[in-house]
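**Student:** Can you look at this prediction? I've put the sequence above it.
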Amino acid sequence: MEALGGNGPFWGWKLPEIRSTKRPFSSKSKSSDSTAEAAGGGAFRFPLKQAVTAASLALTGDTIAQLSDHWRKQKQSLSGSSETSKDIMPSIISHHDWLRAMRMTSYGFLLYGPGSYAWYKYLDHCLPHQTAQNIMLKVLLNQIVLGPCVIAVVFAWNNLWLGKLSELPNKYQKDALPTLFYGFRFWIPVSMLNFWVVPLQARVAFMSTGSIFWNFFLSSTMSK
């Protein structure tokens, strides 16, 4: 009984010691984690997930653009003919431009995905607080900085693949500003809805859907 009774003081003494030993260990682990993050923060890590997502969205948008364009042309050429929609589909698939699809997919994977990820990460670093002013500033910066950069890069990437870099100035002069202004009309409302109306857990899906329509428009513009 004395042994049992003696455990009370010993338990009371040991409990603070156990807690105190955990605290230095926890702080040490946190400091080591922060040191590791600081050490790894300077190293470049390719954002594979964002690159794959951007590539798949670019491919989806280009596929929709090609299929809709081929479908419209086939329906016009077969107007009054006895051929049905089932007869049109094999022709559409056989005339699919896989090189064009590869251009848009590689653009999404190598350029847009990593570039936009770095841009949004930079915006979050500069404007960390989710205030109305910061949100509006992010939307504005997206349109006046990211928008022109995306259009300039995708036009150059497309002409590079086609071996038509000499025609790039004319392409900019003809299509850059109309594409940019169309992007303003599309992305400003989409971004404002995304930040103000769409719940947090649904924002990725919402912006991904918007990206499909935007990639459809870009792909159609590139093929002109």
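**Tutor:** Thanks, I have the structure now.
**Student:** on contacts alone, who are the packing partners of the helix or strand hosting Thr221?
**Tutor:** Assessed by DSSP states H and E, Thr221 sits inside helix 203-222. Using 3 or more Cβ pairs under 8 Å, 6 or more residues apart in numbering; DSSP states H and E as the contact test, the elements touching helix 203-222 are helix 48-77, helix 98-107, helix 147-162, helix 177-196. Quick note: C-beta positions are derived from backbone N, CA and C, even for glycine.
**Student:** Contacts made by that helix with the rest, please.
**Tutor:** Applying Cβ atoms under 8 Å, 6 or more residues apart in numbering, the contact partners of helix 203-222 are 53-54, 57-58, 60-62, 64-66, 68-69, 100, 103-104, 108, 154-155, 158, 175, 179, 182-183, 186-187, 190, 193-194, 198.
**Student:** Averaged pLDDT, stretch 107-116. What do you get?
**Tutor:** Mean pLDDT, computed over stretch 107-116, is 90.
**Student:** And stretch 51-63, by the same measure?
**Tutor:** Stretch 51-63 comes out at a mean pLDDT of 89.
**Student:** okay, the angle between the helix holding Thr221 and helix 147-162?
**Tutor:** Comparing the axes of helix 203-222 and helix 147-162 via axes from the mean of the first three to the mean of the last three Cα atoms, to 10 degrees yields an angle of 50 degrees.
**Student:** Pull out the buried residues from helix 203-222.
**Tutor:** Judged by neighbour count using 16 or more other Cβ atoms under 10 Å, the buried positions of helix 203-222 are Met207, Gly210, Ser211, Ile212, Trp214, Asn215, Phe216, Leu218, Ser219, Ser220, Thr221, Met222.
**Student:** Mind putting those into JSON lines with pLDDT?
**Tutor:** Formatted as JSON lines, the buried residues of helix 203-222 follow (pLDDT from 0 to 100):
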{"residue": "Met207", "pLDDT": "77"}
{"residue": "Gly210", "pLDDT": "86"}
{"residue": "Ser211", "pLDDT": "81"}
{"residue": "Ile212", "pLDDT": "85"}
{"residue": "Trp214", "pLDDT": "83"}
{"residue": "Asn215", "pLDDT": "76"}
{"residue": "Phe216", "pLDDT": "78"}
{"residue": "Leu218", "pLDDT": "75"}
{"residue": "Ser219", "pLDDT": "73"}
{"residue": "Ser220", "pLDDT": "72"}
{"residue": "Thr221", "pLDDT": "73"}
{"residue": "Met222", "pLDDT": "67"}
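**Student:** Output those as a markdown table; include the columns distance to Tyr117.
**Tutor:** Converted to a markdown table, those look like this (distance: Cβ to Cβ, whole Å):
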| residue | distance to Tyr117 |
| --- | --- |
| Met207 | 13 |
| Gly210 | 17 |
| Ser211 | 13 |
| Ile212 | 18 |
| Trp214 | 17 |
| Asn215 | 16 |
| Phe216 | 22 |
| Leu218 | 18 |
| Ser219 | 21 |
| Ser220 | 25 |
| Thr221 | 24 |
| Met222 | 22 |
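**Student:** Return the helix or strand in the protein with minimum mean pLDDT.
**Tutor:** Of all helical and strand segments in the chain, the minimum by mean pLDDT, DSSP states H and E falls on helix 2-41, at a mean of 44.
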